[in-house]
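K.L.:
Next comes the sequence, and after it the predicted model I'd like to discuss.
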Amino acid sequence: MMGVCMRYCKSREEAEESLQEGFIQVFNAIKQYRGEGAFEGWVRKIMVNTALQRLRSQSYLKAVTSHSENLPEAADKEYILPALSAKELLVVIQKLSPMYRAVFNLYVFEGLKHREIAQLLNISEGTSKSNLSDARAILQREVLKMQNLAQVK
């Protein structure tokens, strides 16, 4: 669950705090688990909601209007991700703004639809789609930078 929290938080310390808060919520709500589905999935949902609540309470989740004009064109995805370790990917994801990071994680890792993300984050569906597109472009740019630095060394 630490990995889940790390994807939503900017630092390890924030992730540890979110993890601790999440486990407190798990223990407080354990009687509500009905055994319908995987326990891990139930805990994961609590961790995601805890991390998002933490971001909301700190006013980090502010709608980001599209800045697409400053972003690079989408690169060929085939060669980008295979060269990236999970640790490197996490570092790149943590560089995203809190809203981009939240939308990206909810869509890519949690499998939510834009309608669900919009309701959860109190944004429009279009903003969710735009933020996902921008987040992907930023991630691609950062990954390409990392690859270029690796080639120089």
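P.N.:
Yes, it's here. If you're wondering where the values come from, they're calculated on a predicted model, not measured in any experiment.
K.L.:
ok, longest helix in this protein?
P.N.:
When secondary structure is assigned using DSSP state H, the longest helix within the chain turns out to be helix 125-152.
K.L.:
Okay, buried residues for it please.
P.N.:
When burial is assessed from 16 or more other C-beta atoms under 10 Å, helix 125-152 yields the following buried residues: 127-143, 146. Just so you know, the C-beta spots here come from the backbone N, C-alpha and C atoms, and that holds for glycine as well.
K.L.:
Show me what it is packed up against.
P.N.:
When contacts are defined as 3 or more C-beta pairs under 8 Å, 6 or more residues apart in numbering; DSSP states H and E, helix 125-152 packs onto helix 77-80, helix 86-94, helix 98-108, helix 114-121.
K.L.:
got those helices as CSV, with distance to Glu36 columns?
P.N.:
Listed next are those as CSV, based on distance: least, C-beta to C-beta, whole Å:
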stretch, distance to Glu36
helix 77-80, 36
helix 86-94, 30
helix 98-108, 22
helix 114-121, 19
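K.L.:
wait, which of the ones you listed is closest to Met6?
P.N.:
Distance to Met6, taken as C-beta to C-beta, is lowest for helix 86-94 among the helices and strands packed on helix 125-152, at 5.8 Å.
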